[in-house]
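In: Quick one: sequence plus predicted model below, questions after.
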Amino acid sequence: MKKNGTDKIGSLSYLPIPSIYYKPYTPAMSNPYSTISVLALFGKSKNKILCSDAAGNASIYNTELRSLIAIPKLNSPKDSYSVAVSIPDATTNGRSNFSNHTDNLYIMDMDRTRSFCFEVLSYDPVGSWCWDPLPQPPFLKEPEFEGPLKARFTVVESTKICVSTTKATYYFDTVTREWNKVGDWVLPFIAEYAPELGLWLGLSSDGSPYDLCTLDNLSTAVGSSPPMVQHIGMEFELPDNWWQITCNLVNLRLTEVLHCQ
C-alpha cells in the first residue's frame with residue numbers, strides 16, 4: 001500500500017507453515033480448563049522455547065537443534081499473565097552455570113495463594129534441568145495488595161527484574177536473591193531493553209492504541225523517580241476495512257519488530 005508516494009505496509013502474505021505445534025498435556029476433553037499457560041523464549045540466542053500448561057507440565061524445544069527436551073513439572077502452575085524473564089549467566093543457589101547450559105528462565109505470577117509463585121529454571125551440576133523456588137515478592141504479603149490484570153516488568157542492569165503492582169515498583173536481584181522496593185510509581189508497559197539504543201521499548205495503550213514508546217533513565221535505586229516516557233508513534237496504517245485486534249513487541253535478536261494480528 002502506498003500513501004503520498006511512500007510504502008506504508010509491505011506485501012501481505014501467509015505466514016510459513018509452523019515447524020512445531022503446542023497443546024496442553026492434559027486433553028481438553030477430560031479437562032475443559034486445560035490451556036497453554038506459559039510460552040517463553042529464553043537463552044542467549046533465544047533458541048529455546050518453554051511451554052507449560054495449566055497443570056504445570058513443561059517442556060523445552062530447541063529451535064537450532066530441532067529437539068524436544070522433557071523437564072520436571074513446575075513446583076506451582078503459572079497463569080497466562082506470568083512474568084517470564086531470561087537472564088543468561090546468572091547464578092542459582094550459589095552455583096555457577098557451566099557447560100553449554102548458561103540460560104536461566106525466571107517465572108513469576110502474582111497469585112499469593114500459590115505455594116511457589118516465583119521460581120527459576122536452571123541446569124544443575126547433576127546434569128539436568130530443575131526448578132528452584134525463589135523468595136516470594138514482599139508485596140504479596142501486604143493486606144492492600146492488588147495485582148494488575150497483566151504484569152508490567154523489565155530487566156535492568158542485566159541482573160535485576162523490575163515488576164510493578166498497581167501502586168508501586170519492586171526489583172529482584174538475581175545475584176543476591178533479594179527483593180527491594182524502588183518507588184511508589186508503576187511501569188507504563190512491559191519493556192524490552194535494546195542495548196544498541198540504550199533505551200527500553202514497549203507498547204502503551206495510554207495514547208493511540210498500542211503506541212510505540214521508549215523509557216529513559218530507568219533506575220532500580222531506592223526512591224528513584226519514574227522513568228521518562230517518550231511516545232514514538234507507529235508508522236503503520238491498516239488497509240481499508242482492516243481492524244487491529246492486538247499488537248506485540250517481538251525481539252528478533254538485534255531487531256525490534258512489531259507483529260500485529
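Out: Cool, the structure landed. Residues are numbered from 1 along each chain as shown.

In: The stretch 101-250 of the chain: strands as residue ranges?
Out: Taking DSSP state E, counting those that start in this stretch as the criterion, the stretch 101-250 of the chain contains strands spanning 103-108, 118-124, 128-133, 152-156, 160-164, 169-173, 178-183, 191-194, 199-204, 211-216, 228-231, 247-252.

In: Need the contact partners of the third one.
Out: Same thing as strand 128-133. If you take CB atoms under 8 Å, 6 or more residues apart in numbering as the criterion, strand 128-133 is touched by 60, 69, 71-75, 92-93, 101, 116, 118-124. C-betas here are computed from N, CA, C, even on glycine.

In: one more time with 10 Å
Out: Residues external to strand 128-133 that are found in contact with it (CB atoms under 10 Å, 6 or more residues apart in numbering): 50, 56, 58, 60, 69-76, 92-93, 95, 101, 104-105, 107, 115-124, 177.

In: Out of the strands of the stretch 101-250 of the chain, indicate the one that is most buried.
Out: Mean neighbour count (mean count of other CB atoms under 10 Å) peaks for strand 103-108 among the strands of the stretch 101-250 of the chain, with a mean of 24.

In: picking up where we left off before, mind checking which of the strands of the stretch 101-250 of the chain is nearest residue 37?
Out: In this view, these are compared for proximity to residue 37 by CB to CB, and strand 103-108 is the closest at 9.8 Å.

In: Check the average confidence over that closest one, would you?
Out: For strand 103-108, the per-residue pLDDT values average out at 91.

In: Tell me which strands it pairs with, and in which orientation.
Out: Partner strands for strand 103-108, per DSSP bridges, with pairing direction: strand 83-88 (antiparallel), strand 118-124 (antiparallel).

In: Next, the angle from the first one to strand 152-156.
Out: It refers to strand 83-88. In this structure, strand 83-88 runs at an angle of 10 degrees to strand 152-156, with axes from the mean of the first three to the mean of the last three CA atoms, to 10 degrees as the basis.

In: Residue 59: helix or strand, and which one exactly?
Out: Counting by DSSP states H and E, the element that carries residue 59 is strand 58-62.

In: Could I have the CA atoms of that strand written out in CSV?
Out: Extracted as CSV, the C-alpha positions of strand 58-62 are listed here (Å, rounded to 0.1, in the frame of the first residue of the first chain):
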residue,chain,number,x,y,z
ALA,A,58,6.5,-28.3,30.9
SER,A,59,8.9,-29.0,28.1
ILE,A,60,11.6,-27.2,26.1
TYR,A,61,12.0,-27.1,22.3
ASN,A,62,15.4,-26.1,20.9
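
In: which strands and helices sit next to it?
Out: strand 36-42, strand 48-53, strand 67-70, strand 103-108, strand 128-133 (3 or more CB pairs under 10 Å, 6 or more residues apart in numbering; DSSP states H and E).

In: how about the last one as PDB, C-alpha atoms only?
Out: What that stands for is strand 128-133. Provided in PDB are the C-alpha atoms of strand 128-133 (Å, rounded to 0.1, in the frame of the first residue of the first chain):
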ATOM      1  CA  SER A 128      19.600 -32.000  34.500                       C
ATOM      2  CA  TRP A 129      17.100 -29.100  34.300                       C
ATOM      3  CA  CYS A 130      15.400 -28.200  37.600                       C
ATOM      4  CA  TRP A 131      13.000 -25.700  39.100                       C
ATOM      5  CA  ASP A 132      14.300 -23.800  42.100                       C
ATOM      6  CA  PRO A 133      11.800 -21.900  44.300                       C
END
